[in-house]
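> The following comprises the amino acid sequence and a computationally predicted model.
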There are 2 protein chains.
Amino acid sequence: MKLKRSSRLVDMTEYLLRHPHQVISLSYFSERYESAKSSISEDLTIIKENFESQEIGRLQTQAGATGGVCYMPSMGCEEAEQLLERLQEQMTRKERILPGGYLYMTDILGKPDYVNAIGRLIASVFINEKLDAIMTMETKGIPLAYAVATQRSVPVVVVRRSSKVTEGSTVSINYISGSSKRIQTMVLPRRSLKEHARVLIVDDFMKAGGTMKGMINLVEEFGARVAGMAVLVEKKEERPKLVDHYVSLLKLSILEQQDTLTIENGNVYEWLSESASLAVKEQPISTKTAAVKQYMSK
Amino acid sequence: MKLKRSSRLVDMTEYLLRHPHQVISLSYFSERYESAKSSISEDLTIIKENFESQEIGRLQTQAGATGGVCYMPSMGCEEAEQLLERLQEQMTRKERILPGGYLYMTDILGKPDYVNAIGRLIASVFINEKLDAIMTMETKGIPLAYAVATQRSVPVVVVRRSSKVTEGSTVSINYISGSSKRIQTMVLPRRSLKEHARVLIVDDFMKAGGTMKGMINLVEEFGARVAGMAVLVEKKEERPKLVDHYVSLLKLSILEQQDTLTIENGNVYEWLSESASLAVKEQPISTKTAAVKQYMSK
């Protein structure tokens, strides 16, 4: 189809947004629109400027015969602040306090606009990391994991508490819940993870981090590597944590006796500014941030 | 921000794609870009033509002082055919056959590009339906439900097999599994559904339809209404089905004894052509298709 610039811009924007973290060759667009590569390059410059001024991500172009373009979604600091503020507003209601120091978040995690925005924020933090899979624990973490995975075009693997007939053969490990100190089991289908895969673990809620630590062990059981960890909400008073070097969007304190809760920002801004400072140097996609090294505290 | 047409087109495309099924006033765009409404209208015409020729959805504009624009995502027949073909190719492998007549789909449902495409296809079928929520059963249906919900900007409610501390007070019902004839329980938080809400039920797999029938009963327990039902895969030989008038993308036959399986298209094309024929008449968003009436067979 032969298209004018205005139509090409609409179509390319849609195409890039739907294919994040995938390198698309200029030849593809050039053939798709029956246009010269020089015109495509000009189109991409317009799109790039817009994405950057709107802070919805980077558009990296690679020159040369194998030249292509790659859209890497991210979230600007302003949008991140607004998102965290809205989440705090929503969550800071004492009727949300549940027995056992949990927070009722089912309604918030049910809304795709929140879930997808949280996914974009987490994807922003790990924008410079090479990722092969997103891992989460059933059930509440699943939508968040898919929201991140959509921004990265990588698969999700869901850890379960017991093996299911629909999963085929599985690998299971035992772990000790950090807060209740009970022995529990987690299970993952054998075909889920390849050796050396780089895995980002995403979950909705972290108390002492026992589940997170279990998932780290499970990743290692497959000969894969943890490339990062992110949780939506961490419990502040649950100390010491069993894991280290994770990203948290929000930090929750619940005083059950007094029926009160407070929520503050987690450590996500520190991580964001780190990944943004790397962004300025326009790192190729495959470069890993050296910072992410040690995941488990002793 | 004052923007040129080319930048406006990029930004509006991104904005519309991220806000499906939401009416956005022309004034919003007009203020956002410091441009006259007449220019905005021209931009929208360009976007509309592109979306329609690419078959990625409708752009409905409403005239008048409260005038606005609404992007309603859909999938063209060609893309739907390609998607179903690719899914069939992926699924038609005998090593996918699991004990009990199930199919191993965990890897396919782990890939966000498949999941999101399936979500767009299901959203296409129900493009003319007013929807207030997407319901699914944990665990495998969850990503599909969010994929549909994202296209519709409505919340997801997840039915569970037992009540969890993180869900607050719940409503539970017993139902009889269609194939195993066992009594099972399903549970939904009390705060999940409002009375009269119009609910689309989405699931990954349907044998005789016992779970689906249970979810219909659960919807009714809340005084809500089933607006439609969709499954990714239905078992062909499992007869009679306990529910009627559902959409299926694929139809599966497994001969366990002979270790063979076949997959064919479900009834989704009939549904698609029905919703497309309504589309031609440019129905307002709130109009319901009269066809969807009777959900349960006697």
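Yep, it's here.

> okay, CA-based contacts and neighbour counts for the rest of this
OK.

> isn't A:M212 right up against A:D244?
No. With contact defined as CA atoms under 8 Å, A:M212 does not reach A:D244; the gap is 10.0 Å.

> Which one's more surrounded, these two?
Under the neighbour definition other CA atoms under 10 Å in any protein chain shown, A:M212 and A:D244 were set side by side, and A:M212 has more, 28 against 16.

> In space, what's closest to the more buried one - neighbours in sequence excluded?
A:V243 (7.2 Å; CA to CA, 6 or more residues apart in numbering or on different chains).

> Can you name the residues bridging to the one you found?
A:V243 has these beta-bridge partners by DSSP bridges: A:M296.

> before we move on, what about the one 4 residues further on?
Taking DSSP bridges as the rule, A:V247 bridges to A:A230.

> Can you name the residues bridging to A:M135?
Beta bridges link A:M135 to A:V157, A:I201 when assigned by DSSP bridges.

> And it, how close does it get to A:S162?
16 Å (CA to CA, to the nearest Å).

> A:K94 too?
From A:K94 to A:S162 the distance is 33 Å (CA to CA).

> Those two: which is more packed in?
A:K94 (15 against 12).

> Apart from its chain neighbours, what residue comes closest to A:V226?
Leaving aside its chain neighbours, A:V226 sits nearest to A:V199 (4.9 Å; criterion: CA to CA, 6+ apart).

> quick one: what helix or strand has that neighbour in it?
Element membership of A:V199, judged by DSSP states H and E, is strand A:198-206.

> List the buried residues for that strand?
A:198-206 (16 or more other CA atoms under 10 Å in any protein chain shown).

> what about the helix or strand following it, distance to the chain center?
Per DSSP H and E, the first helix or strand lying C-terminal to strand A:198-206 is helix A:210-221. Centre-to-centre, helix A:210-221 and its host chain are 17 Å apart (CA atoms, centre = their mean, to the nearest Å).

> got it, and stretch A:13-22?
Worked out by CA atoms, centre = their mean, stretch A:13-22 lies 17 Å from the chain centre.

> just the strands in the stretch 51-200 of chain A please.
Per DSSP state E, counting those that start in this stretch, the stretch 51-200 of chain A carries strands over the ranges A:57-62, A:68-73, A:97-98, A:102-103, A:133-137, A:156-159, A:170-176, A:183-189, A:198-206.

> Residues touching the fourth one, excluding its own?
Looking back up the chat, that one is strand A:102-103. A:96-97, B:165-166 (CA atoms under 8 Å, 6 or more residues apart in numbering or on different chains).

> just the fifth one next, same as before
Strand A:133-137 is touched from outside by A:142, A:145-146, A:148-149, A:154-160, A:193, A:197-203, with contacts defined as CA under 8 Å, 6+ apart.

> Report the buried residues of it.
By neighbour count on 16+ other CA under 10 Å, the buried set for strand A:133-137 is A:133-137.

> Same list (these) but as a markdown table, adding pLDDT and distance to A:R58.
A markdown table is the format used below for those (pLDDT from 0 to 100; distance: CA to CA, whole Å):
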| residue | pLDDT | distance to A:R58 |
| --- | --- | --- |
| A:A133 | 98 | 21 |
| A:I134 | 98 | 21 |
| A:M135 | 98 | 25 |
| A:T136 | 98 | 26 |
| A:M137 | 96 | 30 |
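
> Up against chain B, what does the stretch 51-200 of chain A have?
Proximity of the stretch 51-200 of chain A to chain B, by CA under 8 Å from any CA of the partner chain, involves residues A:51, A:98-100, A:102-107, A:110-113, A:138-139, A:142-143, A:146, A:149-150, A:153-157, A:165-168, A:192.

> quick revisit: just want the angle from the strand holding A:V199 to strand A:133-137.
Per axes from the mean of the first three to the mean of the last three CA atoms, to 10 degrees, the angle that strand A:198-206 makes with strand A:133-137 is 30 degrees.

> Show me what strand A:198-206 is packed up against.
strand A:133-137, helix A:141-152, helix A:210-221, strand A:225-235 (3 or more CA pairs under 8 Å, 6 or more residues apart in numbering or on different chains; DSSP states H and E).

> Select, out of the ones you listed, the one closest to B:S38.
With CA to CA as the criterion, B:S38 lies closest to helix A:141-152 of those, at 34.5 Å.

> Just the buried residues of the residues of the stretch 51-200 of chain A next to chain B.
Buried among those by 16+ other CA under 10 Å: A:51, A:98, A:102-107, A:110-113, A:138-139, A:142-143, A:146, A:149-150, A:153-157, A:166-168, A:192.

> so where is the stretch 51-200 of chain A shaky, pLDDT-wise?
Applying pLDDT under 70 to the stretch 51-200 of chain A picks out residues A:64-66.

> buried sites along stretch A:79-94?
Result for stretch A:79-94 [16+ other CA under 10 Å]: buried residues A:80, A:83-85, A:87-88, A:91-92.

> count of residues packed around the residue nearest to A:V23 when sequence neighbours are not counted?
Leaving aside its chain neighbours, A:V23 sits nearest to A:C70 (4.6 Å; criterion: CA to CA, 6+ apart). Look at A:C70: counted by other CA under 10 Å, it has 20 neighbours.
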